[in-house]
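Colleague: Would you be able to build a 3D model of this:
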Amino acid sequence: METPSADSQRIYAPGIFEGRVALITGGGSGIGLATALELARLGAKVAICGRTAAKLDAAKEQIAAAAGQKDAALGIACDIREPDQVEAMVRGVIEGLGRIDILVNNAGGQFPSPAQHISPNGFLAVVKNNLVGTFHVSREVANRWMIPQKGGRIVNVIANIYRGFPGMVHTGAARAGVENMTMTLAVEWAQHGILVNAIAPGVIRSSGTAQYPPQVIEYAISQTPLKRAGTCEETAAAIVFLASPAAQFITGATLRMDGGQALWGSTWMIP
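Modeller: Numbering: from 1, shown residues only. Have a look, this model is predicted:
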């Protein structure tokens with residue numbers, strides 16, 4: 001099946017994010033980089049964070065080219081599992097770009113494995129990155145900018161967790177926690193004008209899934225009603241929608257972007 005392209009310039013008005021600043025965690029590659037590129041093309045200034053400075057530097061060059069201006073992006077190395085690093089990173093974004101209007105919590109990582117083979121440290125590492133790190137960044141951005149300024153958008157990237165997550169119990173538990181956090185923060189922070197939503201991608205061709213055994217990905221695609229994987233660009237387009245004026249009365253929601261997999265197919269080959 002042909003994969004359609006996601007061209008933000010044909011969907012959204014040029015400059016729709018002019019004057020806005022977006023922070024994307026895990027913005028050096030994959031879905032995070034695709035989102036940064038979309039927002040930059042549409043007028044936003046973009047800050048990206050990740051653990052690898054060299055990857056951030058390369059991503060900044062791509063974002064600058066997409067935006068047509070050298071100062072379109074700021075990159076800050078940060079391990080979101082560490083509150084002190086998160087505090088310094090958020091402070092650096094505000095000092096460097098003046099504000100944070102949009103936060104995309106995209107950073108995360110996991111590995112496919114039966115539950116009995118996941119070590120305590122392996123389980124904890126994934127939960128700290130995917131769940132605890134998301135809270136650290138959301139809390140810091142809200143307290144330092146969005147709550148005082150009475151407004152902002154937060155979009156959390158989770159996963160297809162709707163019938164359990166066999167084969168990845170660690171990230172299934174963490175992402176389910178982020179979905180509940182999304183609903184909770186949407187209610188608590190509505191009084192501050194902050195909209196909090198999530199997107200739940202299914203099988204996406206990205207730098208992350210490229211690390212999985214090919215048979216795992218091919219099986220998951222076979223269990224997707226649309227019979228293909230999604231792209232990083234398609235995922236970015238959906239994130240941009242939740243950050244745009246078109247979604248200004250949506251909060252506490254999760255947008256499934258999975259080719260129908262949550263309704264029908266499995267994700268794990270049961271022995």
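
Colleague: Please name the residues that touch M269.
Modeller: Q215, V216, Y219 (C-beta atoms under 8 Å, 6 or more residues apart in numbering). Glycine gets a C-beta too; all of them are placed from N, C-alpha and C.

Colleague: Can you tell me which of the residues you listed are buried?
Modeller: Buried residues within those, defined by neighbour count using 16 or more other C-beta atoms under 10 Å: V216, Y219.

Colleague: Mark which of the contacts of M269 are part of helices, please.
Modeller: In this view, the contacts of M269 that belong to helices under DSSP state H are Q215, V216, Y219.

Colleague: Save those residues as TSV, and put in pLDDT and distance to V104 too.
Modeller: Putting the ones in helices among the contacts of M269 into TSV (pLDDT from 0 to 100; distance: C-beta to C-beta, whole Å) gives the following:
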residue	pLDDT	distance to V104
Q215	85	31
V216	82	26
Y219	89	29
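
Colleague: what's the closest of those residues to N197?
Modeller: Distance to N197, by C-beta to C-beta, is smallest for V216 among the ones in helices among the contacts of M269, at 28.4 Å.

Colleague: can you pull the contacts of the closest one?
Modeller: With contact taken as C-beta under 8 Å, 6+ apart, V216 is in contact with P112, G167, M269.

Colleague: In helices, which of those residues appear?
Modeller: Short answer: these have none in helices (DSSP H).

Colleague: Any idea which of those the model trusts least?
Modeller: Lowest pLDDT among the contacts of V216: M269, with 73.

Colleague: Where do the strands of this structure begin and end?
Modeller: In the chain, the segments counted as strands under DSSP state E are 21-25, 45-50, 73-77, 102-105, 152-157, 194-201, 204-205, 230-231, 254-257.

Colleague: now the second one and strand 21-25, what's the angle there?
Modeller: So the one you mean is strand 45-50. 20 degrees (axes from the mean of the first three to the mean of the last three C-alpha atoms, to 10 degrees).

Colleague: could the strands of the chain go into JSON lines alongside mean neighbour count, mean pLDDT and distance to W264?
Modeller: Converted to JSON lines, the strands of the chain look like this (neighbours: other C-beta atoms under 10 Å; pLDDT from 0 to 100; distance: least, C-beta to C-beta, whole Å):
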{"stretch": "strand 21-25", "mean neighbour count": "28", "mean pLDDT": "98", "distance to W264": "31"}
{"stretch": "strand 45-50", "mean neighbour count": "28", "mean pLDDT": "97", "distance to W264": "34"}
{"stretch": "strand 73-77", "mean neighbour count": "22", "mean pLDDT": "96", "distance to W264": "39"}
{"stretch": "strand 102-105", "mean neighbour count": "29", "mean pLDDT": "98", "distance to W264": "28"}
{"stretch": "strand 152-157", "mean neighbour count": "26", "mean pLDDT": "98", "distance to W264": "22"}
{"stretch": "strand 194-201", "mean neighbour count": "25", "mean pLDDT": "98", "distance to W264": "15"}
{"stretch": "strand 204-205", "mean neighbour count": "20", "mean pLDDT": "91", "distance to W264": "18"}
{"stretch": "strand 230-231", "mean neighbour count": "21", "mean pLDDT": "95", "distance to W264": "16"}
{"stretch": "strand 254-257", "mean neighbour count": "18", "mean pLDDT": "97", "distance to W264": "12"}
